[in-house]
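In: Got a predicted structure plus its sequence, pasted below:
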Amino acid sequence: MVISATPHHTAYTIHHASCFGLEGISPDTIDALVTDPPYGIGYHNHAWDKMMPDPAIWADCLRVMKPGSFGVVFSSVRLMHRMMVALEDAGFRIRDVMFWSFLNGMPKSRDISLDIDRELAVNSAVIGQYKYIQGYKKTGAVHYKAPKGKPICSPTSEIGKKFKGAGLGLKPAYEPIILIQRPPEKSLKIAQNILKYGTGALNLEATRIPYDHAENKVGHNPHPAGRVCANIIRTEPFDDGYDKFFLVPKVRQHKETYNSHPTVKPVNLMEHLVKLVSFPDQTVLDPFAGSGSTGLAALHNNRKFVGYEIVPEYFEVMQKRFDNAIKPK
Ligand SMILES: C[S@@+](CC[C@H](N)C(=O)[O-])C[C@H]1O[C@@H](n2cnc3c(N)ncnc32)[C@H](O)[C@@H]1O
């Protein structure tokens, strides 16, 4: 199913189909790519996230994008190297990696010293009881009241004591966003490429970070609109005296009651990225559109949008979000 609409100054086409092959898009017609593909980590056991996308999709993207055009691709900390190699092998240049950093990530590790006691058939000591335990529902992280008597344990074997508190992973505090560019046409200077295709540069002017009004030292030649946006984006001020970044809180699950997508990205984060890699009236592509956060960001910012989503439930959510966005107020 393909749905097209031309509300106000913008237009969108969304395909309820697999993105592979990017059917319906002619070569050299897309101005920017903004996408949040499956990370390949099996997020909460969702089937669509079990594998990273077949690298063939990146060659499809390169083919439909204009020479010199930019893109951003979300990835995971553990597998971004594979994503970057796949993008580079398809012909993209890696221009940067942005970090969207946050404080509320949950460590997934467990205390290995208790496994050691168990392995040695030694009883660990009970030193208290949990009041709450952290768990997951389809809708996201939750805290359950702990079942009565769920014990807090401490190792008792000698080797267990030595490894007390040892685990396997760090607290996650960022998501990487890879900034890529299709190389400009050979033999063209950047300005010539822009004149021919309208692509070839980042829209830094639209993504400046305004100075904090309490700030008095802003460098030698302060630009009236603020600083050039950095390759770090934060979810909240970190109270470290250095809040010169774009701030985007994470999305509260079920903020929109009908949106069941488990990995919705904040629309204002997608707006920042859309504004960075494209200019007004240009066309933004998201082959892994999910519930349409990239598309909404494009529509809000006078860009055209082309998206693909394979899961019917998410495609319907995207349609509904677009309908709500373009409803006359
Ligand atoms: C990480 S989610 C994107 C979430 C989106 N950023 C949002 O805010 O709603 C990735 C999406 O890609 C979709 N997907 C996976 N493989 C696909 C394919 N071959 N073609 C189109 N969509 C696909 C999944 O169903 C999932 O909704």
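Out: Looks like it came in fine. Since the structure is predicted, the reported quantities are computational estimates derived from the model, not experimental observations. Numbering: from 1, shown residues only.
In: Once you drop chain neighbours, what's closest to residue 276?
Out: Leaving aside its chain neighbours, residue 276 sits nearest to residue 207 (4.7 Å; criterion: CB to CB, 6 or more residues apart in numbering). To be clear about C-beta, it is placed using only N, CA and C from the backbone, and glycine gets the same treatment.
In: what's the pLDDT at the one you found?
Out: With respect to pLDDT, residue 207 has a value of 94.
In: tell me the SS of the closest residue to the ligand within the stretch 151-300 of the chain?
Out: Minimum separation of the stretch 151-300 of the chain from the ligand (CB to the nearest ligand atom) falls at residue 290, amounting to 2.5 Å. The three-state label for residue 290, taken from DSSP: H, G, I helix; E, B strand; the rest coil, comes out as coil.
In: Tell me where the stretch 201-329 of the chain has helices.
Out: If you assign secondary structure with DSSP state H, counting those that start in this stretch, the helices in the stretch 201-329 of the chain sit at 267-277, 293-300, 312-326.
In: Any idea which of the ones you listed gets closest to residue 284?
Out: Comparison of the helices of the stretch 201-329 of the chain against residue 284 by CB to CB identifies helix 293-300 as nearest, at 4.5 Å.
In: burial count for the residue of the stretch 51-200 of the chain found nearest the ligand?
Out: Residue nearest to the ligand within the stretch 51-200 of the chain (CB to the nearest ligand atom): residue 53, separated by 6.5 Å. For residue 53, the number of neighbouring residues by other CB atoms under 10 Å comes to 20.
In: ok so, going back, for the helices of the stretch 201-329 of the chain, which one ends up most surrounded?
Out: Stretch with highest mean neighbour count among the helices of the stretch 201-329 of the chain: helix 293-300 (a mean of 26; mean count of other CB atoms under 10 Å).
In: average pLDDT for that helix?
Out: Here the mean pLDDT over helix 293-300 is 96, rounded to a whole number.
In: Remind me what it packs against, helices and strands.
Out: With contacts defined as 3 or more CB pairs under 8 Å, 6 or more residues apart in numbering; DSSP states H and E, the packing partners of helix 293-300 are strand 12-15, strand 30-35, helix 267-277, strand 283-286, strand 304-308, helix 312-326.
In: As CSV, could you dump the C-alpha coordinates of the third one?
Out: In other words, helix 267-277. In CSV, the C-alpha atoms belonging to helix 267-277 read as follows (Å, rounded to 0.1, in the frame of the first residue of the first chain):
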residue,chain,number,x,y,z
VAL,A,267,10.1,14.3,17.3
ASN,A,268,12.2,17.3,18.4
LEU,A,269,15.3,15.2,18.2
MET,A,270,14.3,14.2,14.7
GLU,A,271,13.5,17.8,13.9
HIS,A,272,17.1,18.8,14.9
LEU,A,273,18.5,16.1,12.6
VAL,A,274,16.2,16.8,9.7
LYS,A,275,17.1,20.5,9.9
LEU,A,276,20.8,19.7,10.1
VAL,A,277,20.9,17.5,7.0
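In: which other residues reach it?
Out: The contact list for helix 267-277, computed with CB atoms under 8 Å, 6 or more residues apart in numbering, reads 32-34, 69-72, 100, 177, 179, 202-204, 206-207, 229, 233, 246, 248, 284, 293-294, 296-298, 300-301, 303.
In: wait, what's in contact with the residue of the stretch 51-200 of the chain closest to the ligand?
Out: The contact partners of residue 53, taken as CB under 8 Å, 6+ apart, are 37-38, 288.
In: right, and the helices and strands packed on helix 293-300 - which one's nearest residue 95?
Out: Residue 95 lies closest, by CB to CB, to one member of the helices and strands packed on helix 293-300: helix 267-277, at 10.1 Å.
In: Quick one: check the closest one for contact with the ligand.
Out: No. With CB under 6 Å from any ligand atom as the criterion, the ligand is not reached by helix 267-277; the gap is at least 7.3 Å.
In: tilt between that helix and strand 30-35?
Out: 140 degrees (axes from the mean of the first three to the mean of the last three CA atoms, to 10 degrees).
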